[in-house]
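J.: Dropping the sequence and predicted coords here.
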Amino acid sequence: MALSGGVDSSVAAARLVAAGHDVVGATLKLWGGESDSGCCSVSDVDDARRVADALGIDHHTFAYAEEFEAAVVGPYVAAHARGATPNPCMSCNRHLKFGSLLARADRLGFDAVATGHHARVAVGPDGRRRVARGADAAKDQSYVLAGLDHERLGRVLFPVGDSAKGDVRREAAALGLRTAAKPDSQDVCFITRGDGRAHFLGRRLALTPGRVVDGRGRTVGAVPAVEAVTVGQRRGLGLPGGGPPRYALDVDVAGATVRVGTEAEMQVAAQPVAALGWAGPPHEAGRLDEADLAVQASAHGAPTPGRLLPSGTGDGTGEVRWARPRRRVAPGQALVAYDGDHVVAWATAAGPPRRG
């Protein structure tokens, strides 16, 4: 049981114990630097250990700092260096929680790894397992688990995936667990709210001051670090007041420029993608790349109807063609496609998007 020190994993462990499983708690120590997001801190490890004690199960702490640096932090910094905005939580899930931890569990002879994610494992019409949305729509975490394949999902349990968050907290309180009222973790664990992203990147990159230009190439503002700007950003661009809001449309690190535009210019008809992956072969309703899907562009964003179309070159590129224009997605962000509640495909936003 991956015990994070939060309420969800605490109740998930309690449910497994109550069901008669032989459970061992494992906390991953991933980040050794400052953190105020509610994970990876000394207090979280202590909370996890005390929950394990209360449940009468063994508890271990596994150090994966080097793997976390290589698989999550390093790629995060490299993505910003080229003007992209990545999803570090997705990388952590794929490479650490359902990579390194699952491999260690196999070596130690465990049957499965369980976590406190609000998600479910569903079996599609083709018999293949897929990640599915959790019962609590407001807490659903299926987006950050996209990419977990049929084989790994056969060795994974999500004990609270069928429950509402309020019920989980009430259950924790009834069991007397110290995590019952603990706030949920937020944001990126290795970036503190006080310092922010630019400060973190500045300790690992030579940041580039840049011009902010309009569609005609005229300088209208300035930024201290092009690498810290995200497509869709409105504040912190050094723009004068007055007039309609303007947003970052494109980030060009090599050219040290950020191009801005209006809300209308943020709307696009299609979004280029790379690293396109599928949860399984075509399902009974027809080819997935011809089906109308709901495509989600952030962990808690509203899904947008669209079609996921491979380029046909076999290199994992393609595009999401939206049913109606929507805001462009920052390069590096994940796009996750759902058929109903089931994750059927995922990709990474590339650029530039197509407006018409």
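T.: Great, that's in hand.
J.: And the helices in the stretch 251-356 of the chain, which stretches?
T.: Secondary structure of the stretch 251-356 of the chain by DSSP state H, counting those that start in this stretch: the helices cover 263-266.
J.: what does the chain give?
T.: Applying DSSP state H to the chain gives helices spanning 7-18, 42-55, 65-68, 74-81, 88-92, 101-107, 150-153, 165-174, 196-202, 263-266.
J.: Please identify which of those helices is closest to residue 183.
T.: Closest approach to residue 183 among these (Cβ to Cβ): helix 7-18, 9.1 Å. Bear in mind the C-beta positions are built from the backbone N, C-alpha and C, glycine included.
J.: quick one, domains of the protein?
T.: Listed by automatic domain parsing, the domain ranges of the chain are 7-116+159-174, 206-261.
J.: among these, which is the most enclosed?
T.: Each of the domains of the chain was scored by mean neighbour count; the highest is domain 7-116+159-174, a mean of 18, by mean count of other Cβ atoms under 10 Å.
J.: on that earlier part again, relative to residue 308, which of the helices of the chain is closest?
T.: When the helices of the chain are compared by Cβ to Cβ, helix 88-92 sits nearest residue 308, at 17.3 Å.
J.: Give me the residues contacting that closest one.
T.: Contacts of helix 88-92 with the rest of the structure, by Cβ atoms under 8 Å, 6 or more residues apart in numbering, involve 30, 68, 71-73, 75-76, 144, 146-147, 188, 190, 299, 334.
J.: and the lengthiest strand in the chain, which residues are buried?
T.: Assignment by DSSP state E gives strand 267-278 as the longest strand of the chain. Neighbour counts over strand 267-278 (16 or more other Cβ atoms under 10 Å) mark 267-274, 276, 278 as buried.
J.: Next, work out how far apart residue 156 and residue 90 are.
T.: 15 Å (Cβ to Cβ, to the nearest Å).
J.: no, scratch that, I was asking about residue 244
T.: On the measure of Cβ to Cβ, residue 244 and residue 90 end up 34 Å apart.
J.: now do residue 312
T.: Distance, residue 312 to residue 90, by Cβ to Cβ: 26 Å.
J.: which stretches of the stretch 151-300 of the chain have low pLDDT?
T.: 186-187, 281-291 (pLDDT under 70).
J.: Apply 80 and report the result again.
T.: 185-187, 193-194, 280-292 (pLDDT under 80).
J.: what are the ranges of the strands in it?
T.: 156-157, 210-213, 219-223, 247-252, 257-261, 267-278, 293-296 (DSSP state E, counting those that start in this stretch).
J.: how about the ones you listed, which one is nearest residue 17?
T.: strand 156-157 (12.8 Å).
J.: May I have the strands that pair with the closest one, each with its orientation?
T.: Using DSSP bridges, the strands paired with strand 156-157 in its sheet are strand 113-114 (parallel).
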